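Asks: The following comprises the amino acid sequence and a computationally predicted model.
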Amino acid sequence: MSKIISMHSFRGGTGKSNLIANLAVLIALQGKRVAIIDTDLQSPGIHALFNINDNRKTLNDYLWNRISITEAAYDISDYIPNQQKGQLFLIPASINPEDIAKILSDGYNVSLLNSGFRRLIKELNLDYLFIDTHPGLSRETLLSIAISNLLIIILRPDRQDFQGTDVTVNIARQLQIKNMMMAINKTPINIDLVELQQQVEKNYNLPVSGIFPLSQEMTELGSKGIFALQHPDDSFTHLLYKFAENIIQESRLHEEILIEVNYCH
Ligand SMILES: Nc1ncnc2c1ncn2[C@@H]1O[C@H](COP(=O)(O)OP(=O)(O)O)[C@@H](O)[C@H]1O
Ligand SMILES: [Mg+2]
């Protein structure tokens, strides 16, 4: 059963794109078929991590009825070397200034996004579709949140992030999103991680799926690649593996609940 996993944060710069790119690679390395779609059309970025910067087809072309969604999907399985079964795709958003201006002035047809996600899952035979979202709350973001099997809300230990995340969690609850997890990024080195995790879990009444320190190596990498591949033995990479495992487990658990619910009916 395929899973749609959205990663969201109330504010920008929290590490969504970097965490999604690493998760997607680590899960594809386990032999899964994974795609990432950049729905951050106002400020796209995840293509940079995979070094995609030429004039390729993008999600924008699909939303403007120029191409099918699969024509905007790039096979980037080169990032998972020596894998027979796993595959990785990226559907980038346009970085062209005119395209971004058009999105800002005209918006786009949100319902096309939903049908695009379904088509991608079917035609690429995906196990996981990761959605990189635009920070804050907008109609488009709410749609991706609403149709996800799992929503991961990421925040930094920062009062602005805490307050904004309150808003997101409340709205997600109003949308009756059942399957939510938190992730904490950019924690200062000297902070008590256990205490922080407990505080976040208590605050939002949600589990923390991953907690990551502010990393010098990550800063130095500067989105020029996939951290877990470039630093396979770093402790940050071990945390990324654990994060991936938690997310796989959580979506499996949800699948079992769904099967039980269907069975009971
Ligand atoms: N744990 C971390 N430690 C240090 N720098 C990080 C960490 N996570 C992300 N970054 C950096 O923060 C910036 C924003 O990350 P990005 O993934 O683009 O966030 P978002 O997609 O939420 O805007 C990037 O320069 C990235 O390299
Ligand atoms: Mg981003």
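Replies: Here it is on my side, so go on. Everything numeric here is computed off the predicted structure, so don't read it as measured data. Numbering: from 1, shown residues only. Ligands and ions are numbered 1, 2, ... in the order given.
Asks: Can you name the residues that contact the residue of the stretch 51-200 of the chain found nearest ligand 2?
Replies: Of all residues in the stretch 51-200 of the chain, residue 132 sits closest to ligand 2, with a separation of 5.8 Å (CB to the ion). In this view, the C-beta of every residue, glycine as well, is placed from N, C-alpha and C. Shown here is residue 132, whose contacts under the criterion CB atoms under 8 Å, 6 or more residues apart in numbering are 7, 16-17, 20, 36-40, 45-46.
Asks: Show me which residues of this protein sit near ligand 2.
Replies: Residues of the chain lying near ligand 2 by CB under 5 Å from the ion: 16-17, 45.
Asks: Export those residues as TSV, with columns for neighbour count and distance to residue 98.
Replies: As requested, the residues of the chain next to ligand 2 are exported to TSV (neighbours: other CB atoms under 10 Å; distance: CB to CB, whole Å):
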residue	neighbour count	distance to residue 98
16	26	25
17	24	23
45	18	18
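Asks: what residues does the stretch 1-150 of the chain put near ligand 1?
Replies: Counting by CB under 6 Å from any ligand atom, the positions of the stretch 1-150 of the chain adjacent to ligand 1 are 9, 12-18, 45.
Asks: closest to ligand 2 among those residues?
Replies: residue 17 (3.3 Å).
Asks: Need phi/psi at residue 35.
Replies: In this entry, residue 35 is assigned phi and psi values of phi -130, psi 150 (degrees, to the nearest 10).
Asks: what about the nearest residue to it once chain neighbours are set aside, neighbour count?
Replies: Of all residues beyond its chain neighbours, the one nearest residue 35 is residue 89 (4.0 Å), with distances taken as CB to CB, 6 or more residues apart in numbering. Other residues within reach of residue 89 by the criterion other CB atoms under 10 Å amount to 22.
Asks: what do you get for residue 98?
Replies: The burial metric for residue 98, expressed as a neighbour count using other CB under 10 Å, is 8.
Asks: Report the buried residues of the helix or strand containing it.
Replies: Per DSSP states H and E, residue 98 falls inside helix 97-106. By neighbour count with 16 or more other CB atoms under 10 Å, helix 97-106 contains the buried residues 99-100, 102-103.
Asks: Since that was my last question, I'll sign off now.
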